[in-house]
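Trainee: Got a sequence here, can you build the structure:
(chains A and B)
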Amino acid sequence: MGSHGALKVVGRRLLQAAPVIVLATFIVFALLKLLPGDVAVTLAGDNASEERIAEIRRVYGLDRPFLAQYGAWLWNALHFDLSRSLLSGEQVLTSILRCFPNTLLIVGMALTLALATGIPLGVAAATRPDSFIDRTVMAIASLGIAVPNFWLAMILVSVFALKWNLFPATGTTAFSKSPTDAIYHATLPALALAAGGMAEVARQVRGSLLDILSSQHVRTLHAKGLSPQIILWKHGLKNVGVNLLTVTSLLANRMLAATVVVEAVFAIPGMGNLIVHAAIQRDFPVVQGVVLAMVIVVILVNLIADLLCAVVDPRVGR
Amino acid sequence: MSHAATMPPARQTLLDVRNLGISFATAAGRLQATRDVSFSVARGERIGVVGESGCGKTITGLSLLRLLPQTITTIDGRLDFDGVDLATCTPKQLRDIRGRRIGMIFQEPMSALDPVFTVGEQIAESLRAHRNIGKREARDRAIAALNAVGIAAPERRYDEYPHQLSGGMRQRVMIAGAMICSPQLLIADEPTTALDVTVQAQILELLRDLSEGSHMALLFITHDLGVVAETCTRMLTMYAGEIIEDAPVDLALEKPLHPYTSGLLRALPRLSARRSALPSIPGRVPPLTQMPQGCRFRPRCAYARAGCEAEQQMRAAPDGRRVRCWRFETLDLPGATA
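Mentor: As a prediction, this is how the structure comes out:
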């Protein structure tokens, strides 16, 4: 693929991104407004008078029409101003920049673990179909997909943190302060997230590799006298590449969402924690900011996956 | 199983197939796909293997390089290639022969080429698998090979992917890849079936020229007798997993000895005789599970008599021909030019 093709993919993606961002933030905004509860009441504190609450509404623009509120938020966001949290007064962008690295570390580690274990397992299973190894891998994979990650997270905490004291049960250290300590803290949450991903990767790699290895072009490779190793690792894996990239990007997105639950179990101040607390207290600037950031990340992940697909498979993205 | 007729040993034999039997393990039990297949290929000889779909010609070709699914296939008999038994040699010996001494091309060049590698890379890698040469030299040789099979602007085509080429060009690429190590035998499994008629003619001419130019033997598997007439020197007719006739092409076309060969020839459309209906052989190839006793062609044969239900052996006939029909001397069968 030439640079021209890459530019086309990027351009098309960015054009698609704009309506997605507007729609996602609008729906979340609308849902927050539909839910009972009022941030002004919270802010006013106990025993506040009706006048006080109304004044707070006026100050924060909460008395304005729904569309005007959303419009104001969107307009500011377009100017890179995500406003301040209604409760803490902190710049939303600051909160996000503080929390996002924690989430990114967990997701990054989980994804790496899932690929590093899932690919070899899938290859091992596919090269020996119906063998003991194949059946074992598939059994593990079914288990990995079936087990809910919050349950696995709690099991991991009770076994590795509370019983054996191998890992911390909760909390985190900023990666910038101490990378090793940050990774240490992120290990259990990453494991909890990775299990399902590993299973998914193993199954996908096995399935598509089995297809490839029985295809006619692999028969040609045998007829040319290539070694089984070259056929598997050079031709097999590159042919599986597109499927693998698609699965990986889906996984990355799903893991981002799943951190909401896992961060809650491990009490990690990441994006999941941030949005959950903000949503409970109707702190809509924070919720909006996190949703916006997540949507942008998902769009970026998909964009990168698309670009890589076009590199791996010349038939894609022309 | 004994073979009643052996080939005259006058020619320099390259490949000698003796009593090849291929069977598959299936859920329904063991299926015998071919049996008692014996033939030999001399150096530089061009042999056409013809027959209807399902007669066993493609799996015979694939079995020579052990390309059938390993876990379910059993190969009996000897496949003697220049002193090495291809049926029993080690995987390493086999890999050394595959692509280097025996090349193979397939029916559908689009699915036979890896879609995510450039065509040049796919040619060069066969060379690098068998010769100890560098990337740059392999590239140069692959470009030369593309040029030799008649691809224009080979330097540019080298870096293109299969989907960017036409069907005819893809088959030329396949041929270039199969020829790059100068094999002594090329197995071509219906290489022109998926191509336009004009492209077909070009590919046939190319294969014949390459074979003549480098004294390479050709095993040409096809259902198209016209292709055999144009390209080959000898013709093997297969029916229901057996070879039923083996003869020089011109003799086989002019005066076939087996009723099945005769039927195939009479089913050929001819421009000179515009008949509204082509004569065809009634019935169809029996499924592997329902092989008739004795002569396998008997249920469809217009010449069947009492005695045909006896087991049929290959019989030697004049002019170095062989035929699997006990009545061949008493039959006077019409050929293609009749």
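Trainee: could you say which helix or strand contains residue 104?
Mentor: Here I'm looking at chain A. Here A:L104, judged by DSSP states H and E, is contained in helix A:92-127.
Trainee: nope, chain B please
Mentor: With DSSP H and E as criterion, B:M104 is part of strand B:102-105.
Trainee: re the thing from before, so which elements touch the helix holding A:L104?
Mentor: Secondary-structure packing of helix A:92-127 (3 or more C-beta pairs under 8 Å, 6 or more residues apart in numbering or on different chains; DSSP states H and E): helix A:132-146, helix A:179-213, helix A:237-266, helix A:271-280, helix A:284-312. The way it works is simple: take the backbone N, C-alpha and C, and place the C-beta from them, glycine included.
Trainee: wait, which of these is closest to chain B?
Mentor: helix A:237-266 (5.2 Å; C-beta to the nearest C-beta).
Trainee: Only the buried residues of that closest one, if you could.
Mentor: A:237-245, A:247-253, A:255-256, A:258-266 (16 or more other C-beta atoms under 10 Å in any protein chain shown).
Trainee: for B:L31, helix, strand, or coil?
Mentor: Of the three states, B:L31 takes strand according to DSSP: H, G, I helix; E, B strand; the rest coil.
Trainee: partner residues bridging it?
Mentor: B:F24 (DSSP bridges).
Trainee: try B:I47
Mentor: Counting by DSSP bridges, the residues bridging with B:I47 are B:L219, B:R234.
Trainee: What of B:V323?
Mentor: B:E245, B:R315.
Trainee: show me what contacts the closest residue to chain B within the stretch 101-250 of chain A?
Mentor: Residue of the stretch 101-250 of chain A nearest chain B, by C-beta to the nearest C-beta: A:G225 (3.4 Å). Residues in contact with A:G225 (C-beta atoms under 8 Å, 6 or more residues apart in numbering or on different chains) are B:R95, B:D96, B:I97, B:R98, B:G99, B:R100, B:S126, B:A129, B:H130.
Trainee: Could you check which helix or strand contains it?
Mentor: Counting by DSSP H and E, A:G225 is part of no helix or strand.
Trainee: Tell me how many other residues crowd residue 63.
Mentor: Unless you meant another one, I'm taking chain A. When neighbours are counted by other C-beta atoms under 10 Å in any protein chain shown, A:D63 registers 14.
Trainee: My question was about chain B, not that one.
Mentor: 24.
Trainee: just B:A148 next, same as before
Mentor: Quick note: B:A148 (other C-beta under 10 Å) scores 18 neighbours.
Trainee: so how far is chain A from it?
Mentor: Look at B:A148 and chain A: by C-beta to the nearest C-beta, to the nearest Å, they are 17 Å apart.
Trainee: Which residue is the nearest non-sequential neighbour of that residue?
Mentor: B:A176 (6.9 Å; C-beta to C-beta, 6 or more residues apart in numbering or on different chains).
Trainee: so which helix or strand takes in the one you found?
Mentor: Going by DSSP H and E, B:A176 is in helix B:167-179.
Trainee: Output the below-cut-off pLDDT ranges for the stretch 151-300 of chain B.
Mentor: For the stretch 151-300 of chain B, applying pLDDT under 70 flags the ranges B:270-278.
Trainee: which one is whichever residue of it sits closest to chain A nearest to, not counting chain neighbours?
Mentor: Evaluated by C-beta to the nearest C-beta, the stretch 151-300 of chain B has B:Y161 as its residue closest to chain A, separated by 4.3 Å. Nearest non-adjacent residue to B:Y161, counting by C-beta to C-beta, 6+ apart: A:P314, 4.3 Å away.
Trainee: in the helix or strand that A:V10 is a member of, what's buried?
Mentor: A:V10 is located in helix A:3-34, with elements delineated by DSSP H and E. By 16+ other C-beta under 10 Å, the buried positions in helix A:3-34 come out as A:G5, A:V9, A:R13, A:A17, A:I21, A:A24, A:T25, A:F26, A:V28, A:F29, A:L32.
Trainee: low pLDDT regions in chain A?
Mentor: In chain A, residues with pLDDT under 70: A:1-5, A:317-318.
Trainee: mind running it again at 50?
Mentor: Under the criterion of pLDDT under 50, the regions of chain A flagged as low confidence span A:1, A:318.
Trainee: Quick check: residues of it near chain B?
Mentor: With the criterion set to C-beta under 8 Å from any C-beta of the partner chain, chain A comes near chain B through A:214-227, A:230, A:235, A:238-239, A:241, A:312-315.
Trainee: center of chain B, which residue is that?
Mentor: The residue lying closest to the centre of chain B (C-alpha atoms, centre = their mean) is B:I221, at 2.7 Å.
Trainee: ok, B:L79 - contacts?
Mentor: Here B:L79 is in contact with B:L15, B:V17, B:R18, B:L20, B:S63, B:L64, B:D85, B:L86, B:A87 (C-beta under 8 Å, 6+ apart).
Trainee: which residues are contacting stretch B:299-310?
Mentor: When contacts are defined by C-beta under 8 Å, 6+ apart, stretch B:299-310 is touched by residues B:259-260, B:263, B:281-284, B:286, B:292-295, B:298, B:326-327, B:331.
Trainee: Give me the subset of those lying in helices.
Mentor: B:P259, B:Y260, B:G263 (DSSP state H).
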